[in-house]
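>>> Turn this into a structure:
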Amino acid sequence: MTGVANPKRLPRAVREQQMLDAAVRVFADRGYHGASMDEVAELAGVSKPMVYLYLGSKEDLFGACIRREAARLMERITSAVHDAATIECRLVSGFEAFFGYVAEHKDSWNVLYHRARALGPPFADEVDRARHDIIDAVTGLVDQRGASAGEAGALSHALVGAADALAEWASRTGEPATVTTARLMNLVWIGIERQIDGASWRPASS
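From the prediction side, this is the model:
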């Protein structure tokens, strides 16, 4: 158990991040109920009492993992769209950032998308809050093209739902983020453009 008997002296913030890194891996592999604080401590190279001292109970630790991973995902997306000049570029940049994050941080995605949601409240509520933050950000992009509030909100929910489903599919297939982004843009972009210009689907007359 490397480092437990005489751990290196590190700032508390650094040590906490190491513990959270270890916890995300363990929760992703074992699930919440299968994970043990002993395994988290061993992987982080600290004693179990130190994990409890710094991050609290197992429930506290899992909640901290969810909040950190959700914040990292949101930061990745907002940073990507910040300098994009048009809504099309922002959507492409945002989708690529989202799919890229999922591909690069599979343990994080597993904890957010599978482990937390399966447990219900309060953990699933944390994920829902993060998801609605993303929906709100997408709504802001759609609003810039003159869609009504109701249309923008509905379209944003549809876009985020489609992105969630494709991210799950891409995480299993290993498809590159750029390719998955192109799939989603091919599916939605022409429709968004036409809807904003006033076109709408109507059922064929019988």
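
>>> What degree of burial does Ser171 show, as a neighbour count?
Residues lying near Ser171 (other Cβ atoms under 10 Å) number 17. Bear in mind the C-beta positions are built from the backbone N, C-alpha and C, glycine included.

>>> Which residue ranges of the chain form helices?
12-34, 37-44, 48-55, 58-81, 87-104, 106-109, 116-119, 123-143, 149-173, 177-196 (DSSP state H).

>>> Low-confidence bits of this structure, can you list those?
1-8, 144-149, 192-193, 195-198, 201, 205-206 (pLDDT under 70).

>>> how about a cut-off of 90?
Residues of the chain that meet the criterion pLDDT under 90 lie in 1-11, 82-88, 90, 117, 120, 137-156, 186-206.

>>> Would you mind splitting it into its domains for me?
For the chain, the structural domains run 1-56, 64-196, going by automatic domain parsing.

>>> Dump these to CSV, plus distance to Arg202.
As requested, the domains of the chain are exported to CSV (distance: least, Cβ to Cβ, whole Å):
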stretch, distance to Arg202
domain 1-56, 46
domain 64-196, 13
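
>>> of all the ones you listed, which lies closest to Ala204?
Nearest of these to Ala204, taken as Cβ to Cβ: domain 64-196 at 17.3 Å.

>>> residues touching Ser36, list them.
For Ser36, the contact set (Cβ atoms under 8 Å, 6 or more residues apart in numbering) comprises 26, 30.

>>> Distance of it relative to Ala64?
Distance of Ser36 to Ala64, computed by Cβ to Cβ, to the nearest Å: 17 Å.

>>> Leu166 too?
Distance from Leu166 to Ala64, by Cβ to Cβ: 28 Å.

>>> and Arg172, how many neighbours?
For Arg172, using other Cβ under 10 Å, the count is 8.

>>> Roughly how far does it sit from Ala163?
15 Å.

>>> Tally up the residues packed near Gly63, please.
17.

>>> can you pull the contacts of it?
Residues in contact with Gly63, defined by Cβ under 8 Å, 6+ apart, are 122-123, 126.
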